[in-house]
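Sequence and predicted model, in that order:
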Amino acid sequence: MHTTFPQLLLNHARQRPTAAALREKEYGIWQTTTWSDLTRMVEHLACGLHQAGLHRGEHLIVVGANRPRLYATMLAAQSLGAIPIPLYQDAAAAECVFPINNADVRFAVVEDQEQVDKMLEVREQSPQLQHIFYDDPRGLRNYTEEGLGSLDELLAAGAVFAQQHPQFFHHEAEKALPGDVAAMFFTSGTTGNPKGVVHTHLSLIDRAQAGAEFDRLTEQEDVLAYLPPAWIGQNIFSYAQWLVCGYVVNCPESSATVTIDLKEIGPTYYFAPPRVFEGMLTSVMIRMEDASHLKRRLFRHFMDVAQRVGPALMDGKSVGLLDRLSYQLGDWMVYGPLRNNLGFSRVRVAYTAGEAIGPDLFTFYRSIGINLKQLYGSTETAVFVCLQPDHEARADTVGVP
């Protein structure tokens with residue numbers, strides 16, 4: 001797919017302007033942003049950043065959780081030919097100094113007061129960091145530091161510029177080429193300073209498209225974006241593949257509400273490291289200890305059936321009629337309600353990676369009807385190196401190249 005992220009955005013806005021692109025939970029209510037709304041937001045942000053002095057080829061850091069306006073900022077930067085660099089929101093100020101100085105960053109767009117304080121501290125060692133824009137204004141009313149402003153102000157200024165120059169955004173977006181740098185991701189730096197990994201529009205979109213075709217992803221998918229945007233895996237699942245496929249990305253209200261939000265959304269496409277799946281299973285087992293005697297007996301009986309029959313059914317193998325009927329009864333009484341309670345009632349494809357997953361843990365989820373698979377990837381390869389095909393998922397492999 002020889003295109004760019006801004007062009008993918010504009011295509012969705014033309015073809016399905018009223019379809020949902022993003023949802024964000026705010027004060028307990030899911031707010032929807034359509035592709036048309038998103039494109040207008042990106043245009044105004046791009047115009048505002050242009051007025052602020054962001055030039056083609058420059059770097060801009062984005063620090064925060066998964067927020068629609070931070071996603072839009074990345075698209076706005078890419079539309080101008082600038083290069084967004086997502087940084088981890090839980091990194092200390094000292095850890096941000098090297099990436100900012102290494103990439104000679106003048107612009108930062110951050111989520112809230114915590115990140116603003118961090119960037120102001122970074123300025124002592126990175127004096128070139130001239131502009132800091134924030135999404136959430138709470139606690140920042142009395143901040144008067146030079147170069148500090150809100151995204152609301154940036155959007156308002158951009159809207160005026162866009163009205164005066166209605167073709168500016170589209171002309172800038174059309175200048176982007178597939179071979180242009182789209183984003184930079186810094187590695188963990190466990191053996192030294194972090195290393196900046198540069199990806200083009202082509203490299204990210206190519207991997208996103210390959211993964212989407214492998215798992216037959218469509219615009220009908222729902223994804224919960226809860227992992228750090230600075231991790232390239234989250235960027236592929238909730239940004240690159242989102243723009244390639246046009247599905248809906250859902251942003252939780254906070255890290256504390258992820259479990260609740262997972263149940264409310266019921267994603268169809270899901271990724272989590274093994275520790276998340278392990279935590280879910282532990283929670284299930286603890287709750288079963290407090291259940292009635294009858295419920296515990298039913299759970300143990302049907303989990304025995306699931307362990308015996310479930311993996312074979314997931315792999316498309318034939319099983320005996322009695323086992324199949326027992327499993328269907330178990331699905332009605334135990335597995336279905338359990339999937340619903342975990343937030344996996346609609347999941348079609350689930351992946352885990354990052355570390356080895358225990359065979360028992362892997363088998364548990366597949367046995368109750370969750371299509372959990374493994375993948376192997378790296379920052380340098382834009383995640384996908386090996387993937388497990390449907391009906392060929394095993395705990396001791398990571399799939400095929």
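In hand now; what should we look at?

For beta bridges, what are the partners of residue 84?
Per DSSP bridges, the residues bridged to residue 84 are residue 60.

Surely it is in contact with residue 70?
No. Assessed by Cβ atoms under 8 Å, residue 84 is found out of contact with residue 70, at 9.4 Å. Every C-beta, even on glycine, is put in place using the N, C-alpha and C of the backbone.

So between these two, which is more surrounded?
Each of residue 84 and residue 70 has its neighbours counted (other Cβ atoms under 10 Å); residue 84 has more, 27 against 22.

shared neighbours of residue 84 and residue 70, anything?
Contact criterion Cβ atoms under 8 Å, 6 or more residues apart in numbering; residues shared by residue 84 and residue 70: residue 62.

Give the helix, strand or coil label for residue 125.
Under DSSP: H, G, I helix; E, B strand; the rest coil, residue 125 falls in the coil class.

tell me the phi and psi of the residue nearest to it when sequence neighbours are not counted?
Leaving out its chain neighbours, the residue that sits closest to residue 125 by Cβ to Cβ, 6 or more residues apart in numbering is residue 97, at 4.9 Å. Torsion angles at residue 97 (phi, psi; degrees, to the nearest 10) stand at phi -60, psi -50.

same thing with residue 282?
With angles defined as degrees, to the nearest 10, residue 282 sits at phi -60, psi -40.

I'd like to know how far it sits from residue 288.
To residue 288, residue 282 is 11 Å away according to Cβ to Cβ, to the nearest Å.

What of residue 107?
Distance of residue 107 to residue 288, computed by Cβ to Cβ: 51 Å.

out of these two, which sits in the busier spot?
For residue 107 and residue 288, the more surrounded residue by other Cβ under 10 Å is residue 107, and the numbers stand at 24 against 14.

so how far is residue 133 from the closest residue to that one other than its chain neighbours?
Among residues not flanking residue 107 along the chain, residue 60 sits closest, at 4.2 Å (Cβ to Cβ, 6+ apart). With the distance defined as Cβ to Cβ, residue 60 ends up 10 Å from residue 133.

what's the overlap in contacts for those two?
Residues touching both residue 60 and residue 133 by Cβ under 8 Å, 6+ apart: 107-109.

Out of these, which comes closest to residue 376?
Within those, proximity to residue 376 (Cβ to Cβ) peaks at residue 109, which comes in at 32.0 Å.

so can I have JSON lines of the shared contacts of residue 60 and residue 133 showing pLDDT, secondary structure and distance to residue 7?
Below are these laid out as JSON lines (pLDDT from 0 to 100; DSSP: H, G, I helix; E, B strand; the rest coil; distance: Cβ to Cβ, whole Å):
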{"residue": "107", "pLDDT": "98", "secondary structure": "strand", "distance to residue 7": "23"}
{"residue": "108", "pLDDT": "98", "secondary structure": "strand", "distance to residue 7": "26"}
{"residue": "109", "pLDDT": "98", "secondary structure": "strand", "distance to residue 7": "22"}
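
Surely residue 8 touches residue 242?
No. Look at residue 8 against residue 242 with Cβ under 8 Å: they stay out of range, at 9.2 Å.

So for the two, which sits in the more crowded spot?
residue 242 (26 against 21).

Name the nearest residue to the more buried one, sequence neighbours excluded.
residue 249 (5.0 Å).

And for residue 220?
If the residues on either side of it in the chain are set aside, residue 220 comes closest to residue 247, at 6.8 Å by Cβ to Cβ, 6+ apart.

how about residue 229, phi and psi?
phi -60, psi -20.

do the one 5 residues further on as well
Residue 234 adopts backbone torsions of phi -60, psi -40, taken as degrees, to the nearest 10.

Check the burial of the residue lying closest to it once chain neighbours are set aside by counting its neighbours.
The shortest distance from residue 234 to any non-neighbouring residue, by Cβ to Cβ, 6+ apart, is to residue 227 (4.1 Å). Residues lying near residue 227 (other Cβ under 10 Å) number 19.

correct me, but residue 227 touches residue 239?
No. Judged on Cβ under 8 Å, residue 227 makes no contact with residue 239 at a distance of 11.6 Å.

Nothing else from me, thank you.
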